[in-house]
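Visitor: sequence plus the predicted model coming up.
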Amino acid sequence: MEALKTLIQTRFKTLALILVALSFSIILLMIRMKLNKSFFFLFLIWNVFLAIIPYTITMYLGTKTHLSKLKLVFGFVIWLLFLPNAPYIITDLIHIRIGSKSLLWLDVLVVLSFALSGLFLFYLSIIDMQKLMNSTFKKIPIKTITITILFLCGFGVYLGRFLRYNSWEIISQPHYLFMDILNIIITPFQNINAWLFTLGFGMFLVVGLWMFKNITSFKN
(Lines give C-alpha, C1' and ligand atoms only; values in the text may rest on other atoms or scores of the structure.)
Protein backbone atom coordinates (compact mmCIF):
# COMPACT_ATOMS: atom_id res chain seq x y z
CA MET A 1 0.00 0.00 0.00
CA GLU A 2 2.85 2.35 0.83
CA ALA A 3 4.50 1.58 -2.52
CA LEU A 4 1.24 2.44 -4.32
CA LYS A 5 0.96 5.72 -2.41
CA THR A 6 4.55 6.64 -3.28
CA LEU A 7 3.96 5.72 -6.92
CA ILE A 8 0.91 7.96 -7.19
CA GLN A 9 2.73 10.84 -5.52
CA THR A 10 5.81 10.62 -7.76
CA ARG A 11 3.84 10.14 -10.97
CA PHE A 12 0.78 12.23 -10.22
CA LYS A 13 1.13 14.55 -13.24
CA THR A 14 1.83 11.70 -15.66
CA LEU A 15 -1.04 9.59 -14.34
CA ALA A 16 -3.33 12.62 -14.49
CA LEU A 17 -2.41 13.18 -18.15
CA ILE A 18 -3.08 9.52 -18.92
CA LEU A 19 -6.45 9.72 -17.17
CA VAL A 20 -7.43 12.87 -19.09
CA ALA A 21 -6.37 11.35 -22.42
CA LEU A 22 -8.26 8.10 -21.81
CA SER A 23 -11.33 9.92 -20.51
CA PHE A 24 -11.42 12.10 -23.62
CA SER A 25 -11.12 9.02 -25.85
CA ILE A 26 -13.95 7.23 -24.05
CA ILE A 27 -16.20 10.30 -24.18
CA LEU A 28 -15.62 10.59 -27.94
CA LEU A 29 -16.39 6.89 -28.31
CA MET A 30 -19.64 7.28 -26.38
CA ILE A 31 -20.68 10.21 -28.57
CA ARG A 32 -19.89 8.16 -31.66
CA MET A 33 -21.91 5.23 -30.32
CA LYS A 34 -24.87 7.52 -29.62
CA LEU A 35 -24.85 9.25 -33.01
CA ASN A 36 -24.20 6.15 -35.09
CA LYS A 37 -26.19 3.78 -32.90
CA SER A 38 -23.33 1.33 -33.26
CA PHE A 39 -21.02 -0.44 -30.80
CA PHE A 40 -18.47 -1.27 -33.49
CA PHE A 41 -15.53 0.71 -32.06
CA LEU A 42 -16.03 -0.70 -28.57
CA PHE A 43 -13.03 -2.98 -29.18
CA LEU A 44 -10.83 0.11 -28.72
CA ILE A 45 -11.47 -0.13 -24.98
CA TRP A 46 -9.89 -3.59 -24.94
CA ASN A 47 -7.01 -2.46 -27.13
CA VAL A 48 -6.16 0.47 -24.88
CA PHE A 49 -6.38 -1.83 -21.85
CA LEU A 50 -3.71 -4.02 -23.47
CA ALA A 51 -1.67 -0.87 -24.14
CA ILE A 52 -1.74 -0.04 -20.42
CA ILE A 53 -0.17 -3.38 -19.43
CA PRO A 54 3.46 -2.58 -20.50
CA TYR A 55 3.36 0.76 -18.67
CA THR A 56 1.93 -0.98 -15.59
CA ILE A 57 4.80 -3.48 -15.70
CA THR A 58 7.50 -0.79 -15.84
CA MET A 59 5.76 1.22 -13.12
CA TYR A 60 5.67 -1.87 -10.90
CA LEU A 61 9.33 -2.68 -11.56
CA GLY A 62 10.19 0.93 -10.81
CA THR A 63 8.75 0.63 -7.29
CA LYS A 64 11.26 -2.08 -6.39
CA THR A 65 14.14 -0.56 -4.43
CA HIS A 66 16.38 -3.63 -4.81
CA LEU A 67 15.45 -5.06 -8.20
CA SER A 68 17.59 -8.09 -9.03
CA LYS A 69 18.89 -8.68 -12.53
CA LEU A 70 16.92 -11.93 -12.79
CA LYS A 71 13.62 -10.22 -11.89
CA LEU A 72 14.31 -7.41 -14.33
CA VAL A 73 15.09 -9.84 -17.17
CA PHE A 74 11.90 -11.81 -16.42
CA GLY A 75 9.88 -8.59 -16.28
CA PHE A 76 11.54 -7.39 -19.48
CA VAL A 77 10.46 -10.53 -21.39
CA ILE A 78 6.83 -10.21 -20.25
CA TRP A 79 6.92 -6.47 -20.98
CA LEU A 80 8.29 -7.03 -24.48
CA LEU A 81 5.55 -9.55 -25.30
CA PHE A 82 2.83 -7.00 -24.49
CA LEU A 83 4.63 -3.87 -25.73
CA PRO A 84 3.46 -4.00 -29.39
CA ASN A 85 -0.15 -3.73 -28.19
CA ALA A 86 0.37 -0.03 -27.44
CA PRO A 87 1.35 1.20 -30.95
CA TYR A 88 -0.94 -1.44 -32.51
CA ILE A 89 -3.91 0.88 -31.96
CA ILE A 90 -2.59 3.12 -34.76
CA THR A 91 -3.45 0.40 -37.25
CA ASP A 92 -7.07 0.49 -36.08
CA LEU A 93 -7.39 3.46 -38.42
CA ILE A 94 -8.03 0.81 -41.07
CA HIS A 95 -11.52 0.39 -39.59
CA ILE A 96 -12.72 3.93 -40.33
CA ARG A 97 -13.73 2.86 -43.84
CA ILE A 98 -16.54 0.81 -42.28
CA GLY A 99 -18.20 3.77 -40.57
CA SER A 100 -20.78 6.27 -41.79
CA LYS A 101 -19.41 8.66 -44.41
CA SER A 102 -21.37 11.55 -42.92
CA LEU A 103 -19.55 11.10 -39.60
CA LEU A 104 -16.22 9.95 -40.97
CA TRP A 105 -14.47 12.83 -39.21
CA LEU A 106 -15.79 11.54 -35.87
CA ASP A 107 -14.53 8.03 -36.56
CA VAL A 108 -11.10 9.48 -37.33
CA LEU A 109 -11.10 11.48 -34.08
CA VAL A 110 -12.17 8.46 -32.03
CA VAL A 111 -9.48 6.13 -33.39
CA LEU A 112 -6.78 8.82 -33.34
CA SER A 113 -7.56 9.72 -29.72
CA PHE A 114 -7.12 6.08 -28.66
CA ALA A 115 -4.03 5.70 -30.87
CA LEU A 116 -2.39 8.78 -29.33
CA SER A 117 -3.16 7.49 -25.84
CA GLY A 118 -1.55 4.18 -26.81
CA LEU A 119 1.55 5.94 -28.16
CA PHE A 120 1.81 8.07 -25.03
CA LEU A 121 1.74 4.95 -22.84
CA PHE A 122 4.18 3.24 -25.21
CA TYR A 123 6.85 5.91 -25.04
CA LEU A 124 6.46 6.40 -21.30
CA SER A 125 7.01 2.67 -20.84
CA ILE A 126 10.03 2.64 -23.17
CA ILE A 127 11.68 5.47 -21.22
CA ASP A 128 10.93 3.73 -17.91
CA MET A 129 12.52 0.51 -19.14
CA GLN A 130 15.59 2.43 -20.35
CA LYS A 131 16.05 3.84 -16.85
CA LEU A 132 15.61 0.43 -15.26
CA MET A 133 18.10 -1.19 -17.62
CA ASN A 134 20.62 1.62 -17.15
CA SER A 135 20.45 1.40 -13.37
CA THR A 136 20.73 -2.42 -13.27
CA PHE A 137 23.08 -3.12 -16.20
CA LYS A 138 25.65 -0.35 -16.28
CA LYS A 139 27.46 -1.11 -19.53
CA ILE A 140 24.76 -2.22 -21.96
CA PRO A 141 24.26 -0.32 -25.28
CA ILE A 142 20.86 1.06 -24.30
CA LYS A 143 20.31 3.05 -27.51
CA THR A 144 21.00 0.05 -29.74
CA ILE A 145 18.73 -2.15 -27.63
CA THR A 146 15.97 0.47 -27.73
CA ILE A 147 16.09 0.79 -31.51
CA THR A 148 16.01 -3.00 -31.82
CA ILE A 149 12.96 -3.12 -29.53
CA LEU A 150 11.17 -0.50 -31.63
CA PHE A 151 11.67 -2.50 -34.82
CA LEU A 152 10.61 -5.68 -33.01
CA CYS A 153 7.45 -3.82 -32.05
CA GLY A 154 6.92 -2.99 -35.72
CA PHE A 155 7.19 -6.71 -36.48
CA GLY A 156 4.89 -7.53 -33.57
CA VAL A 157 2.27 -5.11 -34.88
CA TYR A 158 2.49 -6.81 -38.29
CA LEU A 159 1.92 -10.21 -36.66
CA GLY A 160 -1.09 -8.85 -34.82
CA ARG A 161 -2.71 -6.83 -37.60
CA PHE A 162 -2.11 -9.03 -40.64
CA LEU A 163 -1.52 -12.52 -39.23
CA ARG A 164 -3.99 -11.92 -36.36
CA TYR A 165 -1.77 -13.18 -33.53
CA ASN A 166 -2.25 -12.09 -29.91
CA SER A 167 0.44 -11.64 -27.24
CA TRP A 168 -0.70 -14.71 -25.27
CA GLU A 169 -0.51 -17.01 -28.30
CA ILE A 170 3.22 -17.37 -27.70
CA ILE A 171 2.04 -19.64 -24.86
CA SER A 172 -1.23 -21.05 -26.21
CA GLN A 173 0.00 -22.00 -29.69
CA PRO A 174 3.70 -21.13 -30.00
CA HIS A 175 4.35 -23.65 -32.80
CA TYR A 176 2.12 -21.80 -35.29
CA LEU A 177 3.58 -18.45 -34.30
CA PHE A 178 7.20 -19.58 -34.56
CA MET A 179 6.59 -21.31 -37.87
CA ASP A 180 5.15 -18.10 -39.35
CA ILE A 181 8.03 -16.04 -37.96
CA LEU A 182 10.57 -18.53 -39.32
CA ASN A 183 8.86 -18.48 -42.71
CA ILE A 184 9.08 -14.67 -42.86
CA ILE A 185 12.79 -14.76 -41.92
CA ILE A 186 13.94 -17.51 -44.30
CA THR A 187 11.82 -16.39 -47.28
CA PRO A 188 12.09 -12.59 -47.18
CA PHE A 189 11.22 -12.05 -50.84
CA GLN A 190 7.99 -14.03 -50.50
CA ASN A 191 7.14 -11.92 -47.44
CA ILE A 192 8.26 -8.51 -48.66
CA ASN A 193 5.19 -6.80 -47.18
CA ALA A 194 6.13 -8.03 -43.71
CA TRP A 195 9.63 -6.57 -44.01
CA LEU A 196 8.42 -3.29 -45.52
CA PHE A 197 5.83 -2.85 -42.79
CA THR A 198 8.34 -3.73 -40.05
CA LEU A 199 10.91 -1.25 -41.37
CA GLY A 200 8.37 1.50 -42.03
CA PHE A 201 6.51 1.16 -38.74
CA GLY A 202 9.76 0.70 -36.86
CA MET A 203 11.15 3.94 -38.28
CA PHE A 204 7.89 5.68 -37.37
CA LEU A 205 8.35 4.53 -33.75
CA VAL A 206 12.04 5.55 -33.71
CA VAL A 207 11.27 9.07 -34.96
CA GLY A 208 8.34 9.29 -32.55
CA LEU A 209 10.54 8.36 -29.57
CA TRP A 210 13.16 10.91 -30.59
CA MET A 211 10.49 13.61 -30.79
CA PHE A 212 8.87 12.50 -27.52
CA LYS A 213 12.17 12.66 -25.62
CA ASN A 214 13.18 16.01 -27.06
CA ILE A 215 9.87 17.87 -27.15
CA THR A 216 10.40 19.41 -23.70
CA SER A 217 13.64 21.04 -24.86
CA PHE A 218 11.80 23.43 -27.16
CA LYS A 219 11.15 26.87 -25.74
CA ASN A 220 8.58 29.41 -26.90
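Guide: All right, it came through fine.
Visitor: only C-alpha atoms for contact and neighbour calcs from this point on.
Guide: Fine.
Visitor: does Tyr88 lie in a helix or a strand, and which?
Guide: For Tyr88, the host element (DSSP states H and E) is helix 85-88.
Visitor: report the rounded mean pLDDT for that helix.
Guide: For helix 85-88, mean pLDDT rounds to 96.
Visitor: ok, and what's touching it?
Guide: 47-48, 50-52, 115, 118-119, 121-122, 153, 157, 160-161, 167 (Cα atoms under 8 Å, 6 or more residues apart in numbering).
Visitor: and it, how far out from the chain middle?
Guide: 3 Å (Cα atoms, centre = their mean, to the nearest Å).
Visitor: how about the host helix or strand of Tyr158: buried residues?
Guide: Per DSSP H and E: Tyr158 is located in helix 142-161. Across helix 142-161, burial judged by 16 or more other Cα atoms under 10 Å covers 142, 146-147, 149-161.
Visitor: also stretch 26-41?
Guide: Quick answer for stretch 26-41 (16+ other Cα under 10 Å): 26, 28-30, 32, 41.
Visitor: next: stretch 199-216.
Guide: The neighbour-count check on stretch 199-216 (16+ other Cα under 10 Å) flags 199, 201-203, 205-206, 209 as buried.
Visitor: just stretch 168-186 next, same as before
Guide: Neighbour counts over stretch 168-186 (16+ other Cα under 10 Å) mark 177, 184 as buried.
Visitor: same check on stretch 59-74?
Guide: Those would be 59, 61-62, 72, for stretch 59-74 by 16+ other Cα under 10 Å.
Visitor: any chance of the buried residues of stretch 26-41 in JSON lines, with pLDDT and distance to Ile184 too?
Guide: Formatted as JSON lines, those follow (pLDDT from 0 to 100; distance: Cα to Cα, whole Å):
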{"residue": "Ile26", "pLDDT": "97", "distance to Ile184": "37"}
{"residue": "Leu28", "pLDDT": "96", "distance to Ile184": "38"}
{"residue": "Leu29", "pLDDT": "96", "distance to Ile184": "36"}
{"residue": "Met30", "pLDDT": "96", "distance to Ile184": "40"}
{"residue": "Arg32", "pLDDT": "92", "distance to Ile184": "39"}
{"residue": "Phe41", "pLDDT": "92", "distance to Ile184": "31"}
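Visitor: Phe189: which of the residues you listed is nearest?
Guide: Phe41 (35.1 Å; Cα to Cα).
Visitor: helix or strand for the closest residue to the closest one other than its chain neighbours, which one?
Guide: Nearest non-adjacent residue to Phe41, counting by Cα to Cα, 6 or more residues apart in numbering: Leu29, 7.3 Å away. Assessed by DSSP H and E, Leu29 sits inside helix 12-36.
Visitor: how about Leu163?
Guide: Leu163 belongs to no helix or strand, assigned by DSSP H and E.
Visitor: need the buried residues of stretch 26-41 in CSV with distance to Pro188, can you?
Guide: Shown next, in CSV, are the buried residues of stretch 26-41 (distance: Cα to Cα, whole Å):
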residue, distance to Pro188
Ile26, 40
Leu28, 41
Leu29, 39
Met30, 43
Arg32, 41
Phe41, 34
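Visitor: just those now: which is nearest Leu132?
Guide: Of the buried residues of stretch 26-41, the one sitting nearest to Leu132 (Cα to Cα) turns out to be Ile26, at 31.6 Å.
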